[in-house]
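In: sequence first, predicted model second:
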Amino acid sequence: MARKRRPGAGKRGSYKKKPPQHKVICCVCGQEIVTPVRPPAGQDLTCLDCVSAEKPTP
Ligand SMILES: [Zn+2]
């Protein structure tokens, strides 16, 4: 019967855990993109600016 919930766990204090950041270069404009998602290897990556520029907006 020693199950207690720690009060305020993960709320405040030294909770420093950054998500992993991956730096990739946009294949169109050469801009550096920082993404928390690991980019697939061997694939050209495009930054959001170029992606939205490529797609024709209706
Ligand atoms: Zn770009």
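Out: Great, that's in hand. Numbering: from 1, shown residues only.
In: confirm Val34 sits in a helix?
Out: No. Val34: not assigned to a helix; according to DSSP: H, G, I helix; E, B strand; the rest coil it is strand.
In: count of neighbours near the residue nearest to it when sequence neighbours are not counted?
Out: Setting aside the residues directly before and after it, Val34 is nearest to Gln21 in space (CB to CB, 6 or more residues apart in numbering), at 5.2 Å. Bear in mind the C-beta positions are built from the backbone N, C-alpha and C, glycine included. A count of neighbours around Gln21, defined by other CB atoms under 10 Å, yields 10.
In: next, work out how far apart Gln21 and Val37 are.
Out: For Gln21, the distance to Val37 equals 10 Å [CB to CB, to the nearest Å].
In: the ion contacts on this protein?
Out: Contact residues (CB under 5 Å from the ion) of the chain with the ion: 26, 28-29, 31, 47, 50.
In: highest neighbour count among these?
Out: That'd be Cys47 among the residues of the chain next to the ion, by other CB under 10 Å, with 19 neighbours.
In: let me see the contact set for that one.
Out: The contact partners of Cys47, taken as CB atoms under 8 Å, 6 or more residues apart in numbering, are 26, 28-29, 31, 33.
In: cool, Ile33 as well?
Out: Ile33 touches 23-26, 45, 47-48, counting by CB under 8 Å, 6+ apart.
In: dig out what it forms beta bridges with.
Out: Residues in a beta bridge with Ile33, per DSSP bridges, are Val24.
In: the helices in the chain, which residues?
Out: Taking DSSP state H as the criterion, the chain carries its helices at 48-54.
In: quick check, central residue of it?
Out: Pro36 (2.0 Å; CA atoms, centre = their mean).
In: that residue and Lys23 touch, don't they?
Out: No. Using CB atoms under 8 Å, Pro36 is not in contact with Lys23; the gap is 11.2 Å.
In: show me what contacts Cys26?
Out: Neighbouring residues of Cys26 by CB under 8 Å, 6+ apart: 32-33, 45-47, 49-50.
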